[in-house]
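Engineer: Please find the sequence and the predicted model below.
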Amino acid sequence: MTQKSVELRVDFVTGAVAHRLKFGGGRGQDIAKAMGLRAGKTPSIVDATAGLGRDSFLLASLGAQVTLIERSATMHALLADGMERAMLEGGQFRDIINRMTLLKGDAKDLIPELAAEAILIDPMHPPRNKSALVKRELRQVRDIVGTDEDAADLVKVALKHARNRVVLKWPAKADAIAGLQKCSHQINGKTTRYDGFMVG
């Protein structure tokens, strides 16, 4: 494991994740709306590019059963460690982690077996022109997982197998990924947009 990956830590109990859990706005948040969480409806979700697990944790905190897929062995180990520490914290953290299932492998291979209602795909985003704006933590993640050049292929697999929707999380001002069909709708935030593809 490199020094860069050692510095990185998945933490669901303190910091930004805990703050978002407490003050984030519940199902009114863009990602919750994008994934189809609304009154009386809580879909099963696959997070096909789990990364630091923050979106999965948020969705699980809102009641969703979430399957996280991570193909990087290093990132998978960091996620497993973070989930174990949150479980040991007990209380609501244990309840949330109990709704999260972590798988290791390539999402393109695993998605056909999972029959998810909704699939979230958050590939590594294209580098910004001003690299200083990219948080150190995200640079570390990029060092570990690479550039996700097969993102379009992953979306296409997800579109074949999701029962309800596929959501692509992407920078608000970035061009669409080449080779994909036009999305059904978008939810636009300040820095992030969610391209929704309704299927089934």
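Structural biologist: Yep, that arrived.
Engineer: what packs against the helix or strand containing Ala32?
Structural biologist: Assigned by DSSP states H and E, Ala32 belongs to helix 30-34. Applying 3 or more C-beta pairs under 8 Å, 6 or more residues apart in numbering; DSSP states H and E, one finds that helix 30-34 contacts helix 54-61, strand 165-171, strand 185-188, strand 192-198. Quick note: C-beta positions are derived from backbone N, CA and C, even for glycine.
Engineer: now the longest one and strand 165-171, what's the angle there?
Structural biologist: Computed by axes from the mean of the first three to the mean of the last three C-alpha atoms, to 10 degrees, the angle separating helix 54-61 from strand 165-171 equals 140 degrees.
Engineer: Which residues does helix 54-61 contact?
Structural biologist: For helix 54-61, contacts defined as C-beta atoms under 8 Å, 6 or more residues apart in numbering pick out 12, 16-17, 20-21, 24, 29, 31-32, 35, 37, 45, 47, 50, 66, 68, 86, 92, 96-97, 99-100, 120, 122, 169.
Engineer: redo that, cut-off 6 Å
Structural biologist: Applying C-beta atoms under 6 Å, 6 or more residues apart in numbering, the contact partners of helix 54-61 are Phe12, Val17, Leu21, Ile31, Ile45, Asp47, Ala50, Val66, Leu68, Ile96, Arg99, Met100.
Engineer: Looking at the helices and strands packed on helix 30-34, which is nearest to Lys41?
Structural biologist: strand 165-171 (11.6 Å; C-beta to C-beta).
Engineer: Each with direction, which strands does whichever helix or strand comes after the helix holding Ala32 pair with?
Structural biologist: Per DSSP H and E, the first helix or strand lying C-terminal to helix 30-34 is strand 45-47. Partner strands and pairing direction for strand 45-47 (DSSP bridges) are strand 66-70 (parallel), strand 118-121 (parallel).
Engineer: Going by secondary structure, Ala18 is in what exactly?
Structural biologist: helix 15-23.
Engineer: ok and that helix relative to helix 54-61, angle-wise?
Structural biologist: Going by the same axes, to 10 degrees, helix 15-23 makes 30 degrees with helix 54-61.
Engineer: what comes up buried for helix 15-23?
Structural biologist: Val17, Leu21 (16 or more other C-beta atoms under 10 Å).
Engineer: next one: stretch 165-185
Structural biologist: So for stretch 165-185, counting by 16+ other C-beta under 10 Å, buried means Arg165, Val166, Val167, Leu168, Lys169, Trp170, Ile177, Leu180, Cys183.
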